[in-house]
Each structure stands twice: as structure tokens, then as C-alpha cells.
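> Provided below are the primary sequence and the corresponding predicted coordinates.
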Amino acid sequence: MDRKHILVVDDELNILATYKAILERNGYNVSTASTAIEARQILTEGKIDFLLCDLTLRERGSGLDVLEFARKTYGAIPAILLTGYASDEDLDRAESLGVPLLYKPVEVECLLATIGDLVGDSGLSRVSHTH
């Protein structure tokens with residue numbers, strides 16, 4: 001089976017490391033970026049199958065900006081936005097892009113199940129989940 005390549009974008013390095021470890025342990029290839037600029041560079045350099053991105057990034061750009069760039073680059077790339085807080089405007093924008101918005105802290109089982117649903121990966125080494 002071809003392993004899906006996920007780009008994780010978050011400006012908190014400990015969160016990046018945690019998501020990378022969890023996703024790799026569950027059969028995904030993972031690239032990470034801590035800024036929108038880094039994320040754009042990774043998106044233009046190689047094939048990404050899925051975007052997992054924090055909504056609020058400290059340096060120049062938001063998760064929505066990264067998502068819009070990814071969609072211009074790849075078309076309808078599946079994605080999840082993560083946040084601790086979202087304004088009504090952010091919720092509307094995410095909804096208009098057809099992207100789930102999950103609130104931190106996200107339960108690992110829920111995150112893996114949502115990613116699996118969106119990329120069509122049901123055969124990875126995950127246990128059954130409910131979310």
C-alpha cells in the first residue's frame with residue numbers, strides 16, 4: 001500500500017513533534033512546517049496527500065492561507081484545521097472550503113479516524129475508533 005504523505009503545520013514545535021510521531025506510528029509519511037512560508041515551500045517541492053494545519057500561525061499567514069495555497073497547488077487536497085479558538089469568520093471560511101475544524105486538544109483516536117475518513121485509509125495500523 002502506498003503510504004499517504006501528510007504535511008503538519010503548527011507554530012508550536014512540541015505539537016509538531018507529537019503529531020509527527022503519532023502519524024508516523026500509524027503508517028503515514030509526515031513532513032512538518034512551523035510557518036506558513038515553510039508550508040508553502042514544502043507544498044511546492046513534493047507531493048502532499050493531506051494537510052493538517054493549525055488555524056492560527058504566528059508568522060505571516062494563517063492555516064486558511066496555507067490551505068488556500070495547497071488547494072491552488074494540488075486542487076481538492078483533503079485537510080483538517082486545528083484550533084483552540086475560532087471566530088465566526090474563520091468558521092464560515094473553513095465551512096466554505098469544506099474543511100473540518102477540530103478544537104484542541106484533539107483526541108488522537110478522533111484525529112486518526114477523521115484523517116482516515118478523508119484520505120480513504122481504513123487499512124492502516126489503527127484500532128477501531130469512534131468520534
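Sure, I can see it. Numbering: from 1, shown residues only.
> Could you use CA atoms for every contact and neighbour count after this?
Noted.
> how many neighbours does residue 68 have?
Using other C-alpha atoms under 10 Å, residue 68 has 16 other residues around it.
> For it, give its distance to residue 51.
Between residue 68 and residue 51 the distance is 11 Å, computed by C-alpha to C-alpha, to the nearest Å.
> Ok, residue 118 next?
Residue 118 sits at a distance of 11 Å from residue 51 (criterion: C-alpha to C-alpha).
> who's in contact with the host helix or strand of residue 68?
Using DSSP states H and E, residue 68 falls within helix 63-74. Contacts with helix 63-74, where a contact means C-alpha atoms under 8 Å, 6 or more residues apart in numbering, come from 9, 36, 39-40, 43-44, 51, 53-57, 77, 79, 81, 93-94.
> Run through this structure and note the low-pLDDT ranges.
Counting by pLDDT under 70, the chain has low-confidence residues at 1, 122-131.
> Across the sheet, point out what pairs with the most centrally placed residue in the chain.
The chain has residue 52 as the residue nearest its centroid, 0.5 Å off, counting by C-alpha atoms, centre = their mean. For residue 52, the beta-bridge partners are residue 8, residue 80 (DSSP bridges).
> so it touches residue 15, yeah?
No. In terms of C-alpha atoms under 8 Å, residue 52 does not count as a neighbour of residue 15; the distance is 11.7 Å.
> Burial check on the nearest residue to residue 59 once chain neighbours are set aside, number of neighbours?
Leaving out its chain neighbours, the residue that sits closest to residue 59 by C-alpha to C-alpha, 6 or more residues apart in numbering is residue 35, at 6.1 Å. Each residue near residue 35 was counted by other C-alpha under 10 Å, and the total is 21.
> just residue 81 next, same as before
Residues lying near residue 81 (other C-alpha under 10 Å) number 20.
> Need the contact partners of stretch 5-23.
Residues lying outside stretch 5-23 but in contact with it, judged by C-alpha under 8 Å, 6+ apart, are 28-36, 39, 47-54, 57-58, 63, 112.
> hey, what's in contact with both of residue 118 and residue 51?
Applying C-alpha under 8 Å, 6+ apart, one finds that residue 118 and residue 51 are jointly contacted by 78, 79.
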